[in-house]
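# Need a 3D model of the sequence below.
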Amino acid sequence: MDVMNIVQTKMGWVPPGIMRIVEKYARRIPSVQRMIESEYDTVMNELESDLKPYRDVHSSFSEIPAKGKSKTAILKEMAAMKKKEEDRWKKGYVSGAVYHGDDRHIDFLNKVYAIHSQANPLHSDLWPSATKFEAEVVSMTARMLGAEEARLPEDGKGRPELIGDGEGVCGSVSSGGTESILLAMKTYRDFAREQRGVTRPNMVVPVTAHAAFDKASQYFGIKQIKIPVGPDYRVDVEAARRSINRNTVVVVGSAPSFPHGVVDDIATLSEIARKKGIGFHADACLGAFILPFARKLGYDVPEFDFRLPGVTSISADTHKFGYAAKGTSVILYRSIALRHYQYYTVTEWPGGMYFSPTFAGSRAGALSAVCWAALVSMGEAGYLEATAKILETGKRIREGIEKIPELKILGNPLWVIAFASESLDIYRVMEYMTSRGWNLNGLHRPACVHICVTLRHTQSGVVARFLKDLRGAVDFVKENPATDGGMAPVYGMAASLPMRGVVADMLKRYLDLLYRV
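Residues are numbered from 1 along each chain as shown. Presented below is the predicted three-dimensional model:
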């Protein structure tokens, strides 16, 4: 990425606002355009073979075939692709992505899906089973997250829609964590507009909060006020307090954050929001089905759920450590009145009265059935056992990393473990791990890598293999600090280049590449 390095070296650090203006005009210069396009082409060419491995191996269709292919042939081809793709995650080489992965569990969920493959919750009169499953998923998740112990604040202060009035915690099933977060942010925007007359809404969000909050900001016109984190990688509470103003519609905290796996000070943050009459959202997409059970196992888990009177909504992903199939999450609210701001209703459409609880109209009822089946078949005992295995494995991985002098753990994580280096290019360490079959998450600000521990990592031998390869990666990078090629320079550029528009354009071209036949 020579041109990127040249630009950064020449300009040094520039305030983001000024940098955007400089970039806007610099990219109009033909020579700069050509240099940037050349870099785009180089990176995309390197990526294409990895992203399109089936082009010369399996059949490809850019249009509907004149004659349908046989079902037997289709299934055979899909089975071959499945076999090739599942090897790494089954053997525990992948961070996150597949959270359970046991064949018997997968087979059970597949059978449930097959039974309900035609169900659509939009037609609740035809498939009342789908709404039964969703209502019970919401209830089970709410009770796990303190619904029965949700209490009114001792001082009695707060808007009824936010603090609740005794009718109980409620929610909806969504398609995933991103939709749960989007729904909550839309809900707070609309609530503040109607109840407080806020027309220029903002949200106070940690810099470590999930990217879905950025998406909500763009989609719904809610300005983000981003709050830094402290040395422990938890959000700076005082900075958050100072940032709240009359246009703030919600304050956000993570339990835990995706990058570094640490839980923000939800108790203090939510109380600040409550006293100002503002909603507080706890993003527990990653931790909802770990933290409650970790607490029961004796781990020191800070409060984060509805037991805190200031917490007014929680996002909880059932398709992660809830061990359901991909495509379900739960968004919970402290009151039914607040949930009403999430709903969509149309009363004047010629097609009749139309309403939906979430963004989608038609939805796969089978996914809700699978989610229900996962929760009911696991049971509390199953979740406790799984959590114990994951946290013990996380402890062993953390202790192993701490024994490598060139690496350091960020924060105080339990199972999402981020590590960095002050002496080595951490992205080259990650690249070496990739060459050994590992699929880890590259992060930036600061430059680091994390592994999200799942049940796949609790298998015999996985921890030892990971630590051995990580030690080998560190040794290799020490001996070869300036190796050319690979993806490490791309990660380095994305982490440090001040021209963020160039990085954004590269990500868009990556998405374009995914859709190329």
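# tell me how far the strand or helix carrying residue 239 is from the chain's mean position?
Per DSSP states H and E, residue 239 falls inside helix 237-243. Helix 237-243 has its C-alpha centroid displaced from the chain centroid by 24 Å (C-alpha atoms, centre = their mean, to the nearest Å).
# Could you list the residues in contact with that helix?
204, 206, 225, 227, 228, 251, 265, 268, 269, 272 (C-beta atoms under 8 Å, 6 or more residues apart in numbering). C-beta coordinates here come from the backbone N, C-alpha and C atoms, glycine included.
# swap in stretch 123-138?
Here stretch 123-138 has contacts from 116, 119-121, 170-173, 318, 328, 330, 332, 365, 368-369, 371-372, 375, using C-beta under 8 Å, 6+ apart.
# Check the burial of the closest residue to residue 84 other than its chain neighbours by counting its neighbours.
Closest residue to residue 84 apart from its sequence neighbours, by C-beta to C-beta, 6 or more residues apart in numbering: residue 53 at 8.0 Å. Counted with other C-beta atoms under 10 Å, residues neighbouring residue 53 total 13.
# Kindly report the same for residue 294.
Count around residue 294 with other C-beta under 10 Å applied: 19.
# Which strand or helix spans it?
With DSSP H and E as the test, residue 294 turns up in helix 291-296.
# and that helix, what's its mean pLDDT?
The average pLDDT for helix 291-296 rounds to 98.
# circling back: what's the first helix or strand after the helix holding residue 239?
Counting by DSSP H and E, what follows helix 237-243 is strand 248-254.
# who touches that next one?
With C-beta under 8 Å, 6+ apart as the criterion, strand 248-254 contacts 184-185, 188-189, 191-192, 198, 201-206, 208-210, 213, 222, 225, 235, 240, 244, 263-266, 269-270, 272-273, 276, 278-283, 286, 304.
# Please spell out which residues along the helix or strand following that strand are buried.
Using DSSP H and E, the helix or strand that follows strand 248-254 in sequence is helix 266-275. Buried residues in helix 266-275, counted by 16 or more other C-beta atoms under 10 Å: 266, 267, 268, 269, 270, 271, 272, 273, 274.
# Quick one: list the elements packing against helix 266-275.
helix 237-243, strand 248-254, strand 279-283 (3 or more C-beta pairs under 8 Å, 6 or more residues apart in numbering; DSSP states H and E).
# That helix: how far from the chain's middle?
Chain-centre distance of helix 266-275: 23 Å, with C-alpha atoms, centre = their mean.
# now stretch 391-407
Worked out by C-alpha atoms, centre = their mean, stretch 391-407 lies 23 Å from the chain centre.
# just stretch 352-367 next, same as before
On C-alpha atoms, centre = their mean, the centre of stretch 352-367 falls 23 Å from that of its chain.
# and the end-to-end length of that stretch?
27 Å (C-alpha to C-alpha, to the nearest Å).
# And stretch 223-235, by the same measure?
18 Å.
# Need phi/psi at the residue nearest the centre of the chain.
The centroid of the chain falls nearest to residue 210 when counting by C-alpha atoms, centre = their mean (5.8 Å). Dihedral angles phi and psi of residue 210 (degrees, to the nearest 10) take the values phi -60, psi 150.
# what about it, distance to residue 454?
Between residue 210 and residue 454 the distance is 18 Å, computed by C-beta to C-beta, to the nearest Å.
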